[in-house]
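Chemist: just to be clear, the model below is a prediction. Sequence and coordinates:
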Amino acid sequence: MHGYDAKDLGRSFRTVRQNTIQIAEEIPEDKYSFHPAEGARSIAETLRHIALAPMWGIQVHGERITQLNMEMFKEGMAKMAVAEAALVTKSDIIAALKENGDTYATFLEGLSDEVLAEHVTFAAPGSPTKTRFEMVLSAKEHEMHHRAQLMLVERMLGIVPHLTRAMQERMAAMTAAAAKN
């Protein structure tokens with residue numbers, strides 16, 4: 001269908017989620033209440049949101065809903081708020097990131113090309129119709145957006161993000177190898 005199938009969606013979501021989990025693990029729990037700016041989510045609030053946001057997609061795409069409206073979105077957000085409130089500690093949040101990440105990735109891996117090609121419409125005037133493929137891919141993009149915010153917050157806290165450290169290590173190894181030649 002796209003050259004990028006359900007197995008690829010699941011695999012790539014697992015990679016993104018593993019990087020999010022590593023950030024969650026590296027930030028000390030006493031910093032989870034940190035708000036980087038007025039009106040911004042705290043670290044804990046951002047991680048709770050990341051942990052639970054994809055779960056709405058399981059409902060929408062599992063039930064193969066073809067038309068979404070604002071009431072459905074509000075209902076989903078209200079359920080998510082209740083679930084977020086139950087994630088109190090760092091370990092609660094990390095456990096939810098792991099469990100829900102695996103649940104969502106497994107769900108993605110089971111979607112057929114036929115289901116991924118289906119179109120979903122939005123009730124708001126002027127809203128575009130999207131394929132399920134676009135919608136499930138957007139869950140990964142959404143997480144990466146919030147993960148980038150967390151990486152900036154890590155910098156604010158004096159933590160060099162793990163992806164930056166890994167890149168620095170690769171660059172140092174390449175520089176050392178080039179110096180030997």
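Modeler: Now that the structure is in, tell me what you want to look at.
Chemist: so what does the longest helix anywhere in the chain touch, helix or strand wise?
Modeler: Using DSSP state H to define each element, the chain has its longest helix at helix 132-156. On a contact count with 3 or more CB pairs under 8 Å, 6 or more residues apart in numbering; DSSP states H and E, helix 132-156 meets helix 6-26, helix 43-52, helix 55-62, helix 113-117, strand 119-122. No exception for glycine: its C-beta is placed from N, CA and C like everyone else's.
Chemist: would you format those as JSON lines with mean pLDDT, mean neighbour count and distance to Gly158 included?
Modeler: Below are those laid out as JSON lines (pLDDT from 0 to 100; neighbours: other CB atoms under 10 Å; distance: least, CB to CB, whole Å):
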{"stretch": "helix 6-26", "mean pLDDT": "97", "mean neighbour count": "18", "distance to Gly158": "12"}
{"stretch": "helix 43-52", "mean pLDDT": "97", "mean neighbour count": "23", "distance to Gly158": "14"}
{"stretch": "helix 55-62", "mean pLDDT": "92", "mean neighbour count": "17", "distance to Gly158": "33"}
{"stretch": "helix 113-117", "mean pLDDT": "95", "mean neighbour count": "14", "distance to Gly158": "42"}
{"stretch": "strand 119-122", "mean pLDDT": "92", "mean neighbour count": "15", "distance to Gly158": "42"}
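Chemist: what's the closest of those to Phe34?
Modeler: helix 43-52 (5.4 Å; CB to CB).
Chemist: distance from the chain centre to the closest one, please.
Modeler: 9 Å (CA atoms, centre = their mean, to the nearest Å).
Chemist: what angle separates that helix from helix 6-26?
Modeler: 160 degrees (axes from the mean of the first three to the mean of the last three CA atoms, to 10 degrees).
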